[in-house]
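Participant: Next one to model:
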Amino acid sequence: MDKSKLYKLLNADFKPHVELFNKLNSTNQYCLDQKIINETIVVADEQTAGRGQRGHSFYSPKHTGIYFSIVLPVSSRFLMNPGILTIGIGTAVSKAIYQISGIQVGLKWINDIYFKHHKCAGILVETNVNEKNHIQSFVIGVGINLYPNDFPSEISHRAGFLFSKNNFSNEKIIAEIYNNIVNMYFNQSQDYILDSYRNMLIWVGKKVQINIENIGLVKGTLQGIDEMARLLLKADSGKLYHCNYSDSSNLRLIE
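Facilitator: Numbers count the residues shown, from 1 in each chain. The predicted structure follows:
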């Protein structure tokens with residue numbers, strides 16, 4: 001990774017501090033431990049304890065993927081509706097992939113990036129808080145499987161990758177994602193973010209199942225998302241569920 005090359009490609013209005021590492025346990029964890037609150041990008045060639053949503057691990061070997069975190073100072077509008085921030089990041093990363101490569105990816109609710117029916121990237125949004133438990137910054141972790149690798153057996157059936165060979169520089173990919181996220185964060189309206197996400201959401205109109213807290217497994221047809229980025233599921237019983245990410249899990253397509 002060439003730090004000077006990356007820096008030249010970054011958004012001129014919001015130039016971040018950049019830190020590069022050969023290996024970290026987790027780029028997000030590093031940002032949380034260091035209490036980073038200003039615009040920053042932290043990149044690791046390899047993560048030994050990469051994290052995904054709901055405490056899942058994210059396989060992060062060197063050479064075949066990119067793993068980085070972006071820190072942005074807290075924004076009041078996203079504090080009021082963090083779901084919009086989460087889906088906005090998903091659309092920003094997906095658009096960046098398309099702008100770089102022409103590859104159209106899809107988003108599985110809420111922010112798993114899919115290509116050819118396999119997960120090729122994941123996003124994890126966390127917060128840095130001060131001693132009074134006030135949120136100071138958002139920490140946005142991005143992990144992308146760029147090229148083929150030997151995935152562990154427990155994920156090999158669902159994990160995928162974007163490219164068959166190395167045609168794109170890591171610096172360009174990270175810069176394009178950062179620039180898109182910054183543009184979304186400061187410039188895009190909630191309605192624009194919602195519309196963009198709906199255009200990328202996969203499995204709409206398909207039969208799915210999801211676990212809902214205090215209810216259990218619910219099967220039905222995926223309808224889309226509502227104005228708060230909650231998943232809309234019309235159950236087989238006819239009831240319409242608005243599924244929060246905090247109390248709904250294990251969304252699966254019913255073949």
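
Participant: so where does the nearest residue to residue 228 once chain neighbours are set aside fall, helix or strand?
Facilitator: Closest residue in space to residue 228, ignoring its immediate chain neighbours: residue 83 at 5.5 Å, by Cβ to Cβ, 6 or more residues apart in numbering. Glycine gets a C-beta too; all of them are placed from N, C-alpha and C. For residue 83, the host element (DSSP states H and E) is helix 82-101.

Participant: Quick one: distance of that helix to the chain centre.
Facilitator: 7 Å (Cα atoms, centre = their mean, to the nearest Å).

Participant: now stretch 142-160
Facilitator: For stretch 142-160, the distance to the chain centre is 16 Å (Cα atoms, centre = their mean).

Participant: and it, what's its mean pLDDT?
Facilitator: For stretch 142-160, the mean per-residue pLDDT is 82.

Participant: same deal with stretch 60-69?
Facilitator: For stretch 60-69, the per-residue pLDDT averages 91.

Participant: Stretch 10-24 now?
Facilitator: 92.

Participant: and it, which residues are buried?
Facilitator: 10-11, 14, 16, 18-19, 21, 24 (16 or more other Cβ atoms under 10 Å).

Participant: would you turn those residues into CSV with distance to residue 209 and secondary structure?
Facilitator: Converted to CSV, the buried residues of stretch 10-24 look like this (distance: Cβ to Cβ, whole Å; DSSP: H, G, I helix; E, B strand; the rest coil):
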residue, distance to residue 209, secondary structure
10, 42, coil
11, 41, coil
14, 41, helix
16, 40, coil
18, 42, strand
19, 41, strand
21, 40, strand
24, 36, strand
